[in-house]
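A.B. asks: model this:
(2 chains)
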Amino acid sequence: MSASRPDGRPLVFDEGSVRHVRFNRPEVHNALRLGDLVALRDAVMAASADTAVRAIVLSGEGRSFTAGADLKSAGDVLTELVDRDVDLAVGRVPTVVLLHDVLLALWRSPKPTVAVLHGHSIGGGYDLSLACDVRIATADCTWGDPRIHRAMPAAEGWSWLLPRVANLSLVTPVAYLGEMLSGAEAYRRGLVHHLIAAGAEPMDSARPIVARLAALDPMAYAATKQRMHAGLHLGWHDALEVA
Amino acid sequence: MSADGVAGSVDVVDDGAVRRIVLHNDDGNRLTYPMLERLHDVLSATTPPSVRVLVLAGAGADLCTGDALDPSGVPARWRDRCPAGRHGPPPVVEQEVVGRLRELPMPTLAMMRGRTFGLGLDLAAACDVRVASDDAAIGDDRIGRGQTSSVRLSWLLPRLVGLSQAIRVMLLGDTLDGSAAERIGLVHRCWPAATFAAEADALIGSLAAMPTRAYAVHKVQVLPQLELGFAAALIQSLAVRQTHVIEDTAEGLAAWRERRPPAFTGR
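C.D. replies: Numbering: from 1, shown residues only, chains lettered A, B, ... in the order given. You can find the predicted model right below:
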């Protein structure tokens, strides 16, 4: 379906009016390096500004969506990010700031944003999926955040998104206790919108769902999304201001 | 009612890393003002670093069936704030208790065996984790008596289980068994009554072995961010991350690299 890239950067390509961003390091479950996050941010922002694009789809090549930050490349700080490197010892903070940029780009995108989840969708993969509008998952995918089990402080948007995408009751197992959810369980809890049979080729099953989103009126979609997002933190009367 | 029933008691039992707060009174551990006063003091006191999990439990068969708040029993230091029959302006002892319970940094767990109603539900809802036995009876019976929660359950419950199910509990006054409470997300786990104690002990043990400072850093993001916009929340997260040193992180990463279970200290 897509040409490979020797540097392992995400593949960015179009299928009709759908812009795909496909994580492309299948040999390491698409673990994300700083440079991959830069590419992802740029791809999402470019797609959001492109009137020909009617949906943005994140997916992963190979066995997984993404297993999150590549801890083995933590020292791999790109030159362009050196002035943002607050925590030189571990190099984690640039990753966090970049991830914030990506999350905000997804959240603020006027387009339908879709995460197609299979295999490992954990850590950074879980963060990214929460910032998308629609989650499509295989029943047997692994979704969640194992970082608490490594005592890694999380600051990647989930703490705001998770109680709103679902509710506080899901914060207990997922964030406080670090339990992994299967796609089927995530669907049962209302987090995943469409469930794909285990073992299915995720993109084949996701394509008709994405096509429906891409066919929607772009202005109506953007306005509805913007109002719903604003309403998440406005009072009932204040919400009239954006209606 | 015994003399104990007028006052009741709140026992604090420390067992290694686990602090158990046990409510003790007649008629399903109803809460009196002296008990709330004691809870307030217990939850306000500086907790020794060795305490890594706080468990809220009831003596006997129930967690807590609600309040037994006779205005004449208002603790002296709250009394001028509490005209008879009214809780009056803040600080109100029950509000302070729930607020302090919710803001404790360590993992908190409510053991919902038997009955949990009214003010008991207020307390349980302020904990991070709720576990119930399948034969539990959980609800808010105050609406049926023309009363209401005064400790922001109306704020918390819709966020906990969604508005639709919060209405079911607070306005329709439905009583849920443990399984129904698990289904709507009000409790994290429901176990058969026969195995409840063993299952709960195992969960409490695993909580006590967690990197509880990292847990606290999670909590100090989730709770304040319920009142922030997304962009502001990201900045708050970044600030929290930059200002908290978690010693366990080194151990967590080392254990991950060496493929062995971590030994966390909670620091």
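A.B. asks: Does the lowest-mean-pLDDT helix or strand in chain A reach chain B?
C.D. replies: The weakest-scoring helix or strand in chain A, judged by mean pLDDT, DSSP states H and E, is helix A:92-108 (a mean of 82). Yes - for helix A:92-108, a contact with chain B is found by Cβ under 8 Å from any Cβ of the partner chain, at A:93, A:96, A:97, A:100, A:103, A:104, A:107. (Each C-beta comes from the backbone N, C-alpha and C, glycine too.)
A.B. asks: Chain B contacts on chain A?
C.D. replies: With Cβ under 8 Å from any Cβ as the criterion, chain A meets chain B at residues A:71, A:86-87, A:93, A:96-97, A:100, A:103-104, A:107, A:148-157, A:159-163, A:167-173, A:175-177, A:189, A:229, A:232-233.
A.B. asks: what number of residues lie near residue A:236?
C.D. replies: The burial count assigned to residue A:236 is 7, neighbours taken as other Cβ atoms under 10 Å in any protein chain shown.
A.B. asks: Is it part of a helix or strand, or is it coil?
C.D. replies: Three-state assignment for residue A:236 (DSSP: H, G, I helix; E, B strand; the rest coil): coil.
A.B. asks: quick one: contacts for residue 192?
C.D. replies: I went with chain A, as the question did not name one. Applying Cβ atoms under 8 Å, 6 or more residues apart in numbering or on different chains to residue A:192 gives the contacts A:117, A:135, A:136, A:137, A:143, A:183, A:186.
A.B. asks: Oops, wrong one, chain B.
C.D. replies: B:133, B:134.
A.B. asks: on that earlier part again, please pick the buried ones from the residues of chain A next to chain B.
C.D. replies: A:71, A:93, A:96-97, A:100, A:103-104, A:107, A:148-157, A:159-163, A:167-173, A:175-177, A:189, A:229, A:233 (16 or more other Cβ atoms under 10 Å in any protein chain shown).
A.B. asks: Filter these down to just the ones in helices.
C.D. replies: Taking DSSP state H, the ones among these that sit in helices are A:93, A:96-97, A:100, A:103-104, A:107, A:159-163, A:168-171, A:229.
A.B. asks: tally of neighbours for the closest residue to residue B:66 other than its chain neighbours?
C.D. replies: In space, and not counting its chain neighbours, residue B:66 is closest to residue B:118: 3.0 Å by Cβ to Cβ, 6 or more residues apart in numbering or on different chains. When neighbours are defined as other Cβ under 10 Å, residue B:118 has 24 of them.
A.B. asks: Could you measure from residue B:118 over to chain A?
C.D. replies: According to Cβ to the nearest Cβ, to the nearest Å, residue B:118 and chain A sit 20 Å apart.
A.B. asks: which residues touch that residue?
C.D. replies: Residue B:118 neighbours (Cβ under 8 Å, 6+ apart): B:65, B:66, B:67, B:140, B:141, B:142, B:147, B:149.
A.B. asks: pLDDT at it, what is it?
C.D. replies: Listed pLDDT for residue B:118 reads 95.
A.B. asks: which bits of the stretch 1-150 of chain B sit near chain A?
C.D. replies: Selection of the stretch 1-150 of chain B residues close to chain A by Cβ under 8 Å from any Cβ yields B:107, B:128, B:129.
A.B. asks: Take the contacts of residue A:192 and keep only those in helices.
C.D. replies: Using DSSP H, A:183, A:186 are the members of the contacts of residue A:192 that sit in helices.
A.B. asks: can I get the contacts of residue A:192 in a markdown table with pLDDT and distance to residue B:36?
C.D. replies: Shown next, in a markdown table, are those (pLDDT from 0 to 100; distance: Cβ to Cβ, whole Å):
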| residue | pLDDT | distance to residue B:36 |
| --- | --- | --- |
| A:117 | 98 | 46 |
| A:135 | 97 | 43 |
| A:136 | 97 | 49 |
| A:137 | 97 | 45 |
| A:143 | 97 | 41 |
| A:183 | 97 | 45 |
| A:186 | 96 | 39 |
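A.B. asks: Between which two of the contacts of residue A:192 is the distance greatest?
C.D. replies: Longest distance between any two of the contacts of residue A:192 is 11.7 Å, between A:136 and A:143; criterion Cβ to Cβ.
A.B. asks: returning to that earlier point: which of the contacts of residue B:118 are buried, as a ChimeraX select command?
C.D. replies: Applying 16+ other Cβ under 10 Å to the contacts of residue B:118 leaves a buried subset, and the ChimeraX line that selects it is:
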select /B:65,66,67,140,141,142,149
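A.B. asks: With secondary structure and pLDDT added, can I get the contacts of residue B:118 in a markdown table?
C.D. replies: Output for these, formatted as a markdown table (DSSP: H, G, I helix; E, B strand; the rest coil; pLDDT from 0 to 100):
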| residue | secondary structure | pLDDT |
| --- | --- | --- |
| B:65 | coil | 96 |
| B:66 | coil | 94 |
| B:67 | strand | 90 |
| B:140 | coil | 96 |
| B:141 | coil | 93 |
| B:142 | coil | 90 |
| B:147 | coil | 84 |
| B:149 | coil | 88 |
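A.B. asks: ok, residue A:100 touching residue A:131?
C.D. replies: No - counting by Cβ atoms under 8 Å, residue A:100 sits too far from residue A:131 to count as a contact (10.1 Å).
A.B. asks: residues shared between the contacts of these two?
C.D. replies: Contacts common to residue A:100 and residue A:131, judged by Cβ under 8 Å, 6+ apart, are residue A:157.
A.B. asks: now the helices for the stretch 1-150 of chain B?
C.D. replies: B:3-7, B:26-29, B:33-44, B:76-79, B:93-103, B:119-125 (DSSP state H, counting those that start in this stretch).
A.B. asks: what's the answer for the stretch 151-267 of chain B, then?
C.D. replies: Going by DSSP H, counting those that start in this stretch, the stretch 151-267 of chain B shows helices at B:153-161, B:163-170, B:178-183, B:193-208, B:212-225, B:230-243, B:248-258.
A.B. asks: from the ones you listed, which stretch is densest packed?
C.D. replies: Of those, the one with the most neighbours on average (mean count of other Cβ atoms under 10 Å in any protein chain shown) is helix B:212-225, at a mean of 23.
A.B. asks: same for it, what does it pack against?
C.D. replies: On a contact count with 3 or more Cβ pairs under 8 Å, 6 or more residues apart in numbering or on different chains; DSSP states H and E, helix B:212-225 meets helix A:158-165, helix B:230-243, helix B:248-258.
A.B. asks: Please name whichever of the ones you listed is nearest to residue A:219.
C.D. replies: Nearest of these (Cβ to Cβ): helix B:230-243, 22.4 Å.
A.B. asks: So what touches that closest one?
C.D. replies: Applying Cβ under 8 Å, 6+ apart, the set of residues contacting helix B:230-243 is A:86-87, A:93, A:96-97, A:100, A:103-104, A:107, A:153-157, A:159-161, A:229, A:232-233, B:217, B:220-221, B:224-225, B:228.
A.B. asks: tell me the mean pLDDT over it?
C.D. replies: Averaging pLDDT along helix B:230-243 gives 88.
A.B. asks: what angle do that helix and helix A:158-165 make?
C.D. replies: With axes from the mean of the first three to the mean of the last three Cα atoms, to 10 degrees defining the directions, helix B:230-243 sits at 140 degrees from helix A:158-165.
A.B. asks: hmm, back to that, most neighbours out of the contacts of residue A:192, which is it?
C.D. replies: Using other Cβ under 10 Å as the neighbour test, the contacts of residue A:192 are led by residue A:117, with 32 neighbours.
A.B. asks: Now it: closest residue in space, sequence neighbours ignored.
C.D. replies: Residue A:117's closest residue in space is residue A:137 (Cβ to Cβ, 6+ apart), at 4.0 Å.
A.B. asks: how close does the spatially most central residue of chain A get to residue A:58?
C.D. replies: For chain A, the residue nearest the mean C-alpha position is residue A:128 (2.2 Å; Cα atoms, centre = their mean). As judged by Cβ to Cβ, to the nearest Å, residue A:128 and residue A:58 stand 6 Å apart.
A.B. asks: contacting residues around the residue nearest to residue B:186 when sequence neighbours are not counted?
C.D. replies: Closest residue to residue B:186 in three dimensions, ignoring its sequence neighbours and counting by Cβ to Cβ, 6+ apart: residue B:161, at 5.4 Å. Residues counted as contacts of residue B:161 (Cβ under 8 Å, 6+ apart) are A:167, A:169, B:169, B:184, B:185, B:186.
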